[in-house]
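Colleague: Sharing a model prediction with you, sequence too.
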Amino acid sequence: MFPETDFVLLDSIGKKIRVVGTIVDKLELNNVKTIQVRAELYAEKFDFIVSRAVTSFPEFVNLVKKNLLTKNKNNLPNGIFYLTGGDIDNEIQHFRKGIRIFDLKDTFQEPFFETKKLIYLPFNKI
């Protein structure tokens, strides 16, 4: 969908990232790179970081904020997109004034999305 955009996919589990790499190869996605590494050990910087919930939101922000570019070149300020579910009030308390929360049940009809939310935290609000 976004051939002009480069994607870097990270996972620390070799089996998972090899499967993703195979899918990338089969689909001939030339703008996607797969790397087996823990996020906290990766040093490259990006406009946006996208993840599903792998830990608490504040802990994730601390792990990856070093990987965000500070200079914006997009209409949307650089930042973190985080897919999560359930009660997130305690996790987002520190970031309350800076984040935007999207209820995914408003966009997707599948039952999986009934409790899912997408958190967007701009870099300048970290």
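Modeller: Received the coordinates, thanks. Numbers count the residues shown, from 1 in each chain.

Colleague: so residue 119 is in which element?
Modeller: If you go by DSSP states H and E, residue 119 is part of strand 116-122.

Colleague: Could you do residue 92 as well?
Modeller: If you go by DSSP H and E, residue 92 is part of helix 89-92.

Colleague: Just the buried positions in that helix, please.
Modeller: Buried residues in helix 89-92, defined by neighbour count with 16 or more other CB atoms under 10 Å: 91, 92. For every residue, glycine as well, the C-beta is placed using N, CA and C.

Colleague: Just list what it packs against, helices and strands only.
Modeller: Contacts defined by 3 or more CB pairs under 8 Å, 6 or more residues apart in numbering; DSSP states H and E place helix 89-92 against helix 57-64.

Colleague: Need the residues that contact the helix it packs on.
Modeller: Helix 57-64 has contacts (CB atoms under 8 Å, 6 or more residues apart in numbering) with 39-40, 49, 51, 53-55, 80, 82, 84, 88, 91-92, 94-95, 119, 121, 126.

Colleague: I'm done for today, thanks for sticking with me.
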